[in-house]
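>>> Show me how the following folds:
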Amino acid sequence: MSNTRSHGQNGRRRALSRRRFIESGAALATLPPALATAMATVVTAPARAAGVKALIIVQQPGSLRTVDPGRASEVDAAAISRALYDSLLSLNGADPAPGYATNWTVSPDGLTYTFDLHPDWKFSDGTSVTPDDYIFSCHRQRNNKSDASWLLGNVDSITKSGPNQIKIVLKKLDVDFLKLVPNPSLAVTNAAVVRAHGGTDAADAATTDTATTWLDQHSVGTGPFMIDHWDRGSEMVLRANPYYWGKKTFDTVVFRFVQDPTTQRDLLLRGDAHIAVNLTPDLAADLLKRGPASKTAVASVPALGIAYLGFNAKASGPIGQPKAWEAIRCAIDYEGLKEIYLGGGQLTGSIVPPQLPNALPVAEGMKQDIPKAKAALAALGMPNGFSFKLTYGADQIIQNVPATDVVQKVKEDLAAVGITADLIGEPLTQELTDYRAGKPEAVLHLWAVDFPGWTDFLPVYAPGGHVALARQNWAVDSSPEANEIAELTAKAVASLDPKEQIEPALQAQRLINQHGPYAWLFETNYQLGYRTDVVKTLAVDLLSFFNIPTSEFG
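Prediction:
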C-alpha cells in the first residue's frame, strides 16, 4: 500500500488532517495510478436521507473473536476497531499520517523514532490521553502473546521522552516501521480503566490479563464511537463518543451479522442496511447493473491481500515434496479463476501485491502449464497423480469471494492431471487455529495486509518467515533454494535505499514462485455495497474493509 520506499522515512512530517485520507485529491495523488484510480471512484452520492440517525452495516461474523485491540488480529474486527480506537498514526492513502502523534522524526540510521503527541485528546470517558496510556497499550499487546503480538517484536523500547512525546527504538532496521504503526492492534487504550478490569502489561500478560471479556462489551478508546453492546452472532451496537476529537456523524452504528450475502444485498436494496460488506462478485455486478435508480453503489479497490494455496513442507506423503507443489502450481487455471472472482480479484505476480514497491510484475506470475505439471508428477514418481487433503474455511468469504467456489475450481483443475484434492471444509475460526499450528497438509488461505508495505509479505513468506516456518514448516535449511531465497530477502530488507532493495526482492519472489510451498491464486479486491442516499463518501481503508471515521455521510 505504498508507491515509494521513501514515504514515511523522511524525518519530520507536516501535520495532516485525518480527514484527507482517501477522499482528498491530494491523498489520491500520492497513490500508484491503478490504486488512485480505484479509490477515486469511491466518492459519489446525494445528501443523506432526512432523519437517518443510525448507520446500519451488515457483514458476516467471519473470524470475529474479540474487539479487544490488545488481542484482536482478524480482518473482520478491523472496521469495528477503527470506529472505536485510534492508533499513534493513521493512513493517508497508503502512507503514514498523523493520528495521536501530530508529527515525528526518524534518526539517520532508521532505528529511533520520536513522536510528538496531541496534547488535548480524550478517551470516551472524558479523561485525557497520556503517553503512558500508549506505552501501556503497546506493552500489553506485545506481552499477551496474541496472533498480532509480532507487530512489536522488533521494538527494543518505548519510553516517554517528554510531557507529550514518546520515543521508540528498534532492535534492527525496519524499512516499513511507520506503515506498521497504524495497525488497529496497536490502538491507544485507557490504561487505568483496562487495569481496573483485569488488564496488565506485565511480562506474564498472556496468562494473567483478564480484561478481554470486559473489553468485548465496553470500549476505552478515542474513536468516534464506543460499544453499547455486542450480542455475538447477532449484532454489535456502537454509540457516539461525546469526547471524540473529530467530526461527528451518526448517533449510533449497528453492525448486524448476516451470513448470507444475498440477504445482505436485499437489505441494502430495501434501505434496511446502508453498507453491505460481503457482496459476492455476482451480487456486486448485479448492483452495478441496477444503476443510480436503486440508490446503491459499489466501492471496489485493491485490498492488498493474496489468496493462495499453502503446502506443509513436513507433511507425510507426496504433498510434502517440492515436485508435488510444482505439479499443483502448473495445473491451476489462473485465468479461469477470473470467472469466479470477477471484480473481486485480479492476477498477482507473487506474494507482494502489484500496487506495492518491489512487487514482481504480474506478467511473471504463475501460469497454467499442463505439460510441466505432468513432468513434475513424473519426476515425483507418481505420473498418474496423487491425493492430498485441502483444508479451507467453509464459511469464509475471501474478501468477497466464497472460498467454496475457489476450492471447487482448484479441485477440478487438479483432477485434469490426476491429482485429487480431498476438500476439508472447517469453520473459519477452526481453520485459522489449525493453520496457525501448522497442522493441515494444504490450505486455501488469505493473507490480509497488516500494514501497507512490501515487508508485510515477502519476509513473512520467505523461508524462516513467521508464516513460512510456523504454518508451512518451510525452514531456511530446507533446501539450497530456500537458503538462497532467505539470503536475498535479508539483503532486500537491510537497506533504506529502494534501489538496493528491488533486485534481491524480485529475485527472491521469482525463486519462491519456482520452489516455494505456495500457489498464488489472485489478489483480492474490496467490493462493498452502500446506499447513496445515506453514504456520501465510503472511504476504503487499506487495513480494513472500510473506515467509518474517514467516510462522509450526507
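>>> contacts, neighbours, all on C-alpha from now
OK.
>>> Can you verify residue 463 is assigned to a helix?
No: assignment of residue 463 by DSSP: H, G, I helix; E, B strand; the rest coil gives coil, placing it outside any helix.
>>> is it true that it touches residue 484?
No: with contacts counted by Cα atoms under 8 Å, residue 463 stays clear of residue 484, the gap being 9.3 Å.
>>> Once you drop chain neighbours, what's closest to residue 251?
Computed as Cα to Cα, 6 or more residues apart in numbering, the closest residue to residue 251 that is not its neighbour in sequence is residue 240, at 5.1 Å.
>>> burial of the one you found, as a residue count?
Burial of residue 240, expressed as a neighbour count using other Cα atoms under 10 Å, amounts to 21.
>>> Tell me how many other residues crowd residue 102.
By the criterion of other Cα under 10 Å, residue 102 has 20 neighbours.
>>> Regarding it, which helix or strand does it belong to?
Applying DSSP states H and E as the criterion places residue 102 in strand 101-106.
>>> Following the chain onward from that strand, which element is next?
strand 112-117.
>>> Could you name the helices and strands sitting against that next one?
Of the remaining helices and strands, those touching strand 112-117 by 3 or more Cα pairs under 8 Å, 6 or more residues apart in numbering; DSSP states H and E are strand 101-106, strand 165-170.
>>> Which of these has the highest mean neighbour count?
Among the helices and strands packed on strand 112-117, strand 101-106 has the highest mean neighbour count (mean count of other Cα atoms under 10 Å), at a mean of 21.
>>> Need the mean per-residue confidence for that one.
Averaged over strand 101-106, pLDDT sits at 96.
>>> Please apply the same query to stretch 187-205.
Per-residue pLDDT values across stretch 187-205 average out to 97.
>>> Just the terminal-to-terminal distance for that stretch.
With Cα to Cα, to the nearest Å applied, stretch 187-205 spans 17 Å between its terminal residues.
>>> Stretch 530-545 too?
From its first residue to its last, stretch 530-545 covers 13 Å (Cα to Cα).
>>> Next, count neighbours for residue 430.
The number of residues packed near residue 430 is 14, by other Cα under 10 Å.
>>> Quick one: residues contacting it.
Under the criterion of Cα atoms under 8 Å, 6 or more residues apart in numbering, the neighbours of residue 430 are residue 393.
>>> any idea of the pLDDT on residue 93?
You'll see residue 93 listed with a pLDDT of 72.
>>> swap that for residue 527, sorry
As summarised for this prediction, residue 527 has a pLDDT of 88.
>>> for it, what are its contacts?
For residue 527, the contacting residues are 277-279, 281, 284, 298-301, 343-344, 399-400, by Cα under 8 Å, 6+ apart.
>>> again, only using 10 Å
Residue 527 makes contacts with 276-281, 283-285, 297-303, 343-345, 399-401, 540, 545, as judged by Cα atoms under 10 Å, 6 or more residues apart in numbering.
>>> so residue 525, which of the three states?
Going by three-state DSSP, the secondary structure assigned to residue 525 is strand.
>>> which residue sits closest to it, ignoring its sequence neighbours?
Distances taken as Cα to Cα, 6+ apart place residue 302 nearest to residue 525, at 4.3 Å, with adjacent residues excluded.
>>> A helix includes the one you found, no?
No: assessed with three-state DSSP, residue 302 is strand; it does not lie in a helix.
>>> With distance to residue 332 added, can I get the helices and strands packed on strand 112-117 in JSON lines?
As requested, the helices and strands packed on strand 112-117 are exported to JSON lines (distance: least, Cα to Cα, whole Å):
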{"stretch": "strand 101-106", "distance to residue 332": "45"}
{"stretch": "strand 165-170", "distance to residue 332": "42"}
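>>> Of those strands, which is nearest residue 226?
Closest to residue 226 of the helices and strands packed on strand 112-117 is strand 101-106 (Cα to Cα; 21.3 Å).
>>> The closest one pairs with which strands, and in what direction?
Using DSSP bridges, the strands paired with strand 101-106 are strand 112-117 (antiparallel).
>>> for the partner strand, what is the average pLDDT?
According to the model, strand 112-117 has a mean pLDDT of 98.
>>> That one: how far from the chain's middle?
Computed by Cα atoms, centre = their mean, to the nearest Å, the separation of strand 112-117 from the middle of its chain amounts to 25 Å.
>>> can I have the helix or strand following it written out in PDB, keeping just the CAs?
Once the chain leaves strand 112-117, the next helix or strand it forms, by DSSP H and E, is helix 131-143. Only the C-alpha atoms of helix 131-143 are listed here, as PDB (Å, rounded to 0.1, in the frame of the first residue of the first chain):
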ATOM      1  CA  PRO A 131       2.000   9.000  26.600                       C
ATOM      2  CA  ASP A 132       1.800   6.400  29.400                       C
ATOM      3  CA  ASP A 133      -1.600   5.100  28.000                       C
ATOM      4  CA  TYR A 134       0.000   4.400  24.700                       C
ATOM      5  CA  ILE A 135       3.100   2.800  26.200                       C
ATOM      6  CA  PHE A 136       0.800   0.600  28.400                       C
ATOM      7  CA  SER A 137      -1.300  -0.400  25.400                       C
ATOM      8  CA  CYS A 138       1.700  -1.500  23.400                       C
ATOM      9  CA  HIS A 139       3.300  -3.400  26.200                       C
ATOM     10  CA  ARG A 140       0.000  -5.200  26.900                       C
ATOM     11  CA  GLN A 141      -0.400  -6.000  23.200                       C
ATOM     12  CA  ARG A 142       3.100  -7.500  22.900                       C
ATOM     13  CA  ASN A 143       3.100  -9.300  26.200                       C
END
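>>> counting contacts, what elements does helix 131-143 pack onto?
Judged by 3 or more Cα pairs under 10 Å, 6 or more residues apart in numbering; DSSP states H and E, the packing partners of helix 131-143 are strand 112-117, strand 155-162, strand 165-170, helix 191-196, helix 205-208.
>>> Flag every buried residue along the shortest one.
Going by neighbour count (16 or more other Cα atoms under 10 Å), the buried part of helix 205-208 is 205, 206.
>>> Repeat that for stretch 503-515.
Counting neighbours by 16+ other Cα under 10 Å, one finds that the buried residues in stretch 503-515 are 504, 505, 506, 507, 508, 509, 510, 511, 512, 513, 514, 515.
>>> how would you label the fifth one: helix, strand or coil?
The three-state label given to residue 508 by three-state DSSP is helix.
>>> was I right about it contacting residue 485?
Yes: taking Cα atoms under 10 Å as the definition, residue 508 is a contact partner of residue 485 at 5.0 Å.
>>> any common contacting residues for those two?
Overlap between the neighbourhoods of residue 508 and residue 485 consists of 459, 462, taking contacts as Cα under 10 Å, 6+ apart.
>>> For residue 326, pull up the helix or strand it's in.
Assigned by DSSP H and E, residue 326 belongs to helix 322-331.
>>> So which elements touch that helix?
strand 296-311, helix 370-380, helix 403-415, helix 498-515, strand 518-531.
>>> now that helix and helix 370-380, what's the angle there?
Taking axes from the mean of the first three to the mean of the last three Cα atoms, to 10 degrees, helix 322-331 and helix 370-380 form an angle of 170 degrees between their directions.
>>> List every C-alpha atom in helix 322-331, with coordinates, as PDB.
Extracted as PDB, the C-alpha positions of helix 322-331 are listed here (Å, rounded to 0.1, in the frame of the first residue of the first chain):
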ATOM      1  CA  PRO A 322       8.600 -29.700  -3.800                       C
ATOM      2  CA  LYS A 323       7.700 -31.600  -7.100                       C
ATOM      3  CA  ALA A 324       4.100 -32.000  -5.800                       C
ATOM      4  CA  TRP A 325       3.900 -28.300  -5.200                       C
ATOM      5  CA  GLU A 326       5.200 -27.600  -8.700                       C
ATOM      6  CA  ALA A 327       2.700 -30.000 -10.200                       C
ATOM      7  CA  ILE A 328      -0.200 -28.300  -8.400                       C
ATOM      8  CA  ARG A 329       1.000 -24.800  -9.300                       C
ATOM      9  CA  CYS A 330       1.300 -25.700 -13.000                       C
ATOM     10  CA  ALA A 331      -2.100 -27.500 -13.100                       C
END
